[in-house]
Every structure is written in C-alpha cells, then in structure tokens.
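Engineer: Sequence plus the predicted model coming up.
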Amino acid sequence: MGQEKPCCPESAARKVKKLNVGGFQVGIAHLDEIIEEVKNLGLRDSGEIGKQLLKRAKIYNYIPPGAEGEYAEALLKEYLKRR
C-alpha cells in the first residue's frame, strides 16, 4: 500500500471514505488503497477476500472485535461494487 503521508488534515480527510456497516455510516481510512491492494492479490474466494479486506482495514481503522463480521461484509460489498 502506498504509504504516502498526507500533507495536512484536509488531505488526510480525503483518504476517508464512507461505508455502510450494519446500517450505520462509518468512515474507513485508506479504503481505496485497501480495495486496490486486495484486487491485486487475484483472489476468487469471497471469504478470503473479506478476510484480506478486514485485515488491511484494521491497520488504519479501529474495528470493534464484535463487529468484525459486519465490517468484513460491508468491505466485501464495496469491493464487489468496484469490480
């Protein structure tokens, strides 16, 4: 993942995209980069894709342990929309 540091708060905010998780809008930092990186893995199994998306999302975002399944589902849904 490109580790480009934002130059200012406005630049950092542009890296946060909204995602519907369990009926709530949440901000996910680096969502575009996360999806692109997982696409480049060439995975076909949706379960594995969801795991990889969640693993990468957890690097930049707090994801409550009890909500990991909902986040993985939301990330996978967004991933599939962008194919």
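Structural biologist: Received it, and whenever you're ready, just let me know what you need. Numbering: from 1, shown residues only.
Engineer: Leu41 versus the closest residue to Leu31 other than its chain neighbours, what's the distance?
Structural biologist: Of all residues beyond its chain neighbours, the one nearest Leu31 is Lys17 (4.0 Å), with distances taken as Cβ to Cβ, 6 or more residues apart in numbering. Bear in mind the C-beta positions are built from the backbone N, C-alpha and C, glycine included. To Leu41, Lys17 is 20 Å away according to Cβ to Cβ, to the nearest Å.
Engineer: More neighbours: which of these two?
Structural biologist: Lys17 (15 against 10; other Cβ atoms under 10 Å).
Engineer: just to revisit the earlier point, next SSE downstream of whatever helix or strand the residue nearest to Leu31 lives in?
Structural biologist: If you go by DSSP states H and E, Lys17 is part of strand 16-21. Next helix or strand after strand 16-21 toward the C-terminus (DSSP H and E): strand 24-29.
Engineer: what lines up beside that following strand in the sheet?
Structural biologist: Applying DSSP bridges, strand 24-29 is found paired with strand 16-21 (antiparallel).
Engineer: what residues does the strand it pairs with touch?
Structural biologist: 25-29, 31-32, 67, 70-71, 74-75, 78 (Cβ atoms under 8 Å, 6 or more residues apart in numbering).
Engineer: From the residues you listed, list just the buried residues.
Structural biologist: Buried subset of the contacts of strand 16-21 (neighbour count, 16 or more other Cβ atoms under 10 Å): 26, 28-29, 31, 70-71, 74-75, 78.
Engineer: can you list the residues you listed in JSON lines and add pLDDT?
Structural biologist: Shown next, in JSON lines, are the buried ones among the contacts of strand 16-21 (pLDDT from 0 to 100):
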{"residue": "Val26", "pLDDT": "96"}
{"residue": "Ile28", "pLDDT": "97"}
{"residue": "Ala29", "pLDDT": "94"}
{"residue": "Leu31", "pLDDT": "95"}
{"residue": "Glu70", "pLDDT": "97"}
{"residue": "Tyr71", "pLDDT": "97"}
{"residue": "Ala74", "pLDDT": "97"}
{"residue": "Leu75", "pLDDT": "98"}
{"residue": "Glu78", "pLDDT": "97"}
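Engineer: With that, I have no additional questions.
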